[in-house]
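A structural model of the following input is requested.
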Amino acid sequence: MESQIRFLLKVFLLSAAISVLIKYAGYFFCIPATTMNALILVFLPTVLMAIALLWRFQAQKQS
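Numbering: from 1, shown residues only. All right, here's what the predicted structure looks like:
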């Protein structure tokens, strides 16, 4: 139970830190509002997760 609470606290704090970073440091990055940039921002997490899972699957398959 202790480790679950600790994990949730870490996730919450990381999420809050990322939120603050986006809010206050986002002004330094002038990203134009184009369709291509929107598609990249929407699909990048999915593609990165697919790559990570494929990499993990390949490593598990070799073991």
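
now the lengthiest helix in the chain, how far from the centre of its chain.
In the chain, ranked by residue count with DSSP state H as the criterion, the top helix is helix 35-62. Centroid displacement of helix 35-62 relative to its chain, using Cα atoms, centre = their mean, to the nearest Å, is 11 Å.

So which other helices or strands are in contact with it?
Here helix 35-62 touches no other helix or strand, going by 3 or more Cβ pairs under 8 Å, 6 or more residues apart in numbering; DSSP states H and E. (Glycine included, C-beta is placed from N, CA and C.)

Can you give me the neighbour number for residue 46?
Residues lying near residue 46 (other Cβ atoms under 10 Å) number 9.

Can you tell me how far it is from residue 26?
Applying Cβ to Cβ, to the nearest Å, one obtains 22 Å for the distance of residue 46 from residue 26.

And for residue 16?
15 Å.

Can you classify residue 33 as helix, strand or coil?
At residue 33, secondary structure determined by DSSP: H, G, I helix; E, B strand; the rest coil is coil.

Renumber starting at 591 from here on
Let's use 591 as the start, then, which means that last one is residue 623.

separation between it and residue 631?
11 Å.

These two: which is more packed in?
Using other Cβ under 10 Å as the criterion, residue 623 and residue 631 rank with residue 631 on top: 10 against 6.

can you pull the pLDDT of the more buried one?
pLDDT, residue 631: 90.

neighbours around residue 616, how many?
The tally of other residues near residue 616 (other Cβ under 10 Å) stands at 10.

Does it belong to a helix, a strand or coil?
The three-state label given to residue 616 by three-state DSSP is helix.

Please tell me how far it sits from residue 622.
Distance, residue 616 to residue 622, using Cβ to Cβ: 14 Å.
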